[in-house]
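> build me a model:
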Amino acid sequence: MCEYINAGNVATILALAEQHCCQGLKKVCFHFLSSPANLRAAVASDGFKHLSRSCPSVMVEFAMLGNLIPCWLVSFIATAVDDFLG
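The predicted structure is shown next:
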């Protein structure tokens, strides 16, 4: 399954992994997103925007990985979490 993850579906896979408590699959998705090119392409997708609104806990977990997340994405994640928390 892991070889089928791409920038167009990684957000959907992360959302499903979160809903079904698949920590290993989330880890693989986070590894995929550790590539700057993959991350840029994924963030540009509608799926990533939906993920940030529907699963803010995934965004927080991703942010907690620290060195995998670029500074420009921190504000995007913070805004998504703030919006979710109201």
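> need the residues that contact the helix or strand that contains Phe32.
Following DSSP states H and E, the helix or strand that holds Phe32 is helix 23-33. Where contact means C-beta atoms under 8 Å, 6 or more residues apart in numbering, the residues beyond helix 23-33 that reach it are 1-2, 5, 10, 13-14, 16-18, 38-39, 42, 58, 61-62, 65, 68. For every residue, glycine as well, the C-beta is placed using N, CA and C.
> any of those buried? List them.
Burial by neighbour count, judged by 16 or more other C-beta atoms under 10 Å, picks out 5, 10, 13-14, 17-18, 38-39, 42, 58, 62, 68 from those.
> so which of those residues are in helices?
Members of the buried ones among the contacts of helix 23-33 lying in helices (criterion: DSSP state H): 10, 13-14, 17-18, 38-39, 42, 58, 62.
> low-confidence ranges, the chain, go.
Low-confidence regions of the chain, defined here as pLDDT under 70, cover residues 1, 66-86.
> with distance to Phe30 added, can I get the ones in helices among the buried ones among the contacts of helix 23-33 in TSV?
Compiled in TSV, these are given as follows (distance: C-beta to C-beta, whole Å):
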residue	distance to Phe30
Val10	9
Ile13	11
Leu14	8
Ala17	10
Glu18	12
Asn38	11
Leu39	10
Ala42	11
Val58	9
Phe62	6
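> rewinding a little: could you check the angle the helix holding Phe32 makes with helix 10-19?
Helix 23-33 runs at 160 degrees relative to helix 10-19, counting by axes from the mean of the first three to the mean of the last three C-alpha atoms, to 10 degrees.
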